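Asks: Sequence and predicted structure are below.
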Amino acid sequence: MAPIYDFKALSPTGKSEKGIVEADSAKSARQKLRKQNLIVTEIHEKNVSKSSSNSSGGSLFASRASAKDISLLTRQLASLIKANIPLVEALNAMVEQTEKETLKVVLSNVRDDVNQGSSLAKALAQHQRVFDSIFINMVEAGESSGTLGLVLLRLADLKEAQMRLRSKIISGMTYPVLMMGVAGVLVLGIFTFVIPKLTKIFDSMNKPIPILTRILMEMSDFILSWWYLILIAGLIGLRFFLKFINSEAGRPKWDTFKLKLPLFGNLIRMIAVTRFSTTMSTLLGSGVPILSSMSIAKNLVGNIPIARAIENARENITEGQSIAVPLKKSGQFPALVIHMISIGEKTGELPDMLRNIAETYEEQVNSRIEGMTALIEPILIVGMGIMVGVIVMAIFIPLLDISSIN
């Protein structure tokens with residue numbers, strides 16, 4: 001298969017251009033570009049080494065291949081495979097029609113590996129920063145069972161479900177965060193610009209200043225005098241906090257704390273259950289062994305206590321026991337989920353039962369986020385009103401005293 005070349009060239013108008021071109025050789029690539037009226041100034045073969053794709057430094061491509069890109073690519077490849085197009089030809093078609101330069105190069109390397117006799121799963125495994133463990137395990141199961149097209153469709157569905165959930169969370173939290181930011185800027189502006197100008201007037205008064213006004217004046221003076229120390233202390237505190245919640249000792253404590261939050265804890269648990277159920281149903285339905293499925297799902301729930309409960313359930317399976325019992329003992333999973341998993345185990349329909357759980361909880365997460373957004377909005381508005389009202393009262397009461405003196 002033809003390699004891919006990076007090039008830099010000049011257009012007929014003298015404008016500098018760069019991009020990639022697929023050709024059998026550098027000479028052929030130059031000829032192709034010449035037909036496009038481009039004058040090549042630099043050209044070299046582009047390749048993604050296996051080491052760079054898997055290293056912690058990472059493939060540059062991994063950071064630029066979004067979940068949406070991978071989902072679209074997967075669905076298109078599934079359509080080609082289900083149409084009985086040979087795998088190498090299907091990959092070649094994907095290389096040609098993929099617009100993302102990063103994915104084009106990665107797919108080109110995958111195609112070349114498959115053409116040389118490698119399985120698709122092994123070829124994808126050389127780019128683990130682009131294709132995650134779920135993707136690779138499901139493709140391997142699809143190849144071994146002869147249902148690669150169906151498995152790829154399920155993979156696309158899984159990626160799209162993950163994107164919907166992430167999008168819903170982000171959209172639900174955007175407005176409250178924006179309002180809090182505006183409130184913070186407003187209060188900072190009052191303390192930085194308004195109160196200092198009024199302080200001179202208040203200090204010239206012959207009457208005692210109300211305690212609330214004096215507190216605000218002291219706070220304003222402190223902010224103006226020590227803002228750099230406040231900023232440094234805040235950055236240091238943030239750094240230590242982030243270091244703590246990402247450490248081995250701190251992460252479990254932080255995740256446990258989040259689950260106990262009065263408003264958000266139940267939502268975080270529901271999101272984790274949705275991720276677990278969606279992943280498990282997709283993997284099991286695609287023929288991935290249950291132990292491998294649970295190992296993958298454990299790493300995707302995003303919460304240490306819940307991940308530990310899944311790991312305990314996995315260990316139970318290796319001893320020939322049930323999944324539901326250790327999940328119930330952990331206290332991390334709702335009773336309804338435990339009951340449905342138990343029924344699925346007894347009837348041999350665990351993938352279908354997990355799919356039902358995922359669909360039910362995805363709807364509940366959407367409903368809960370909408371409800372929280374509707375609740376948080378008036379709370380923030382009232383809170384901002386009270387905060388601004390207190391500041392206004394502290395400022396205007398002394399001003400009214402000045403007017404009465406005059």
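Replies: Ah, there it is.
Asks: Assumed S322 was part of a helix.
Replies: No: under DSSP: H, G, I helix; E, B strand; the rest coil, S322 falls outside any helix and is assigned coil.
Asks: residues touching the residue lying closest to it once chain neighbours are set aside, list them.
Replies: Leaving aside its chain neighbours, S322 sits nearest to E345 (6.0 Å; criterion: C-beta to C-beta, 6 or more residues apart in numbering). For glycine as for every other residue, the C-beta is placed from the backbone atoms N, C-alpha and C. Counting by C-beta atoms under 8 Å, 6 or more residues apart in numbering, E345 makes contact with S322, I323, A324.
Asks: By pLDDT, rank those residues and give me the bottom one.
Replies: In terms of pLDDT, the weakest of those is S322, which scores 81.
Asks: Confirm for me that that one is in contact with R314.
Replies: No: judged on C-beta atoms under 8 Å, S322 makes no contact with R314 at a distance of 11.8 Å.
Asks: Between these two, tell me which one has more neighbours.
Replies: More crowded of S322 and R314, by other C-beta atoms under 10 Å: R314, with 19 against 15.
Asks: Does the more buried one belong to a helix, a strand or coil?
Replies: helix.
Asks: contacting residues for the nearest residue to it once chain neighbours are set aside?
Replies: Distances taken as C-beta to C-beta, 6+ apart put M294 closest to R314, at 4.3 Å, once the chain neighbours are dropped. Counting by C-beta under 8 Å, 6+ apart, M294 makes contact with M280, I310, E311, A313, R314, I317, I323.
Asks: on that earlier part again, kindly present the contacts of E345 as TSV, with separate columns for distance to V194.
Replies: Converted to TSV, the contacts of E345 look like this (distance: C-beta to C-beta, whole Å):
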residue	distance to V194
S322	65
I323	61
A324	61
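Asks: and the gap between the residue nearest to S322 and G14?
Replies: Distance, E345 to G14, by C-beta to C-beta, to the nearest Å: 70 Å.
Asks: now swap in S225 and tell me
Replies: S225 is 57 Å from G14, by C-beta to C-beta.
Asks: what about these two, which has more around it?
Replies: Neighbour tally, S225 and G14, criterion other C-beta under 10 Å: the higher count belongs to S225, 10 against 7.
Asks: pull the CA atoms of the helix or strand containing I271 into CSV?
Replies: According to DSSP states H and E, I271 maps onto helix 265-285. What follows is helix 265-285, C-alpha atoms only, in CSV (Å, rounded to 0.1, in the frame of the first residue of the first chain):
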residue,chain,number,x,y,z
GLY,A,265,-23.4,12.5,45.0
ASN,A,266,-26.4,10.5,43.7
LEU,A,267,-25.9,11.9,40.2
ILE,A,268,-22.2,10.9,40.2
ARG,A,269,-23.2,7.4,41.2
MET,A,270,-25.9,7.2,38.5
ILE,A,271,-23.3,8.3,35.9
ALA,A,272,-20.9,5.6,37.0
VAL,A,273,-23.6,2.9,36.9
THR,A,274,-24.6,4.1,33.4
ARG,A,275,-20.9,3.8,32.2
PHE,A,276,-20.6,0.3,33.8
SER,A,277,-23.8,-1.0,32.4
THR,A,278,-23.3,0.4,28.9
THR,A,279,-19.7,-0.9,28.7
MET,A,280,-20.5,-4.3,30.1
SER,A,281,-23.6,-4.9,27.8
THR,A,282,-21.6,-3.9,24.7
LEU,A,283,-18.6,-6.0,25.5
LEU,A,284,-20.5,-9.1,26.6
GLY,A,285,-22.9,-8.8,23.6
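Asks: next SSE after the lowest-mean-pLDDT helix or strand in the chain?
Replies: One helix or strand of the chain scores below all others by mean pLDDT, DSSP states H and E: helix 60-64, with a mean of 42. Using DSSP H and E, the helix or strand that follows helix 60-64 in sequence is helix 67-82.
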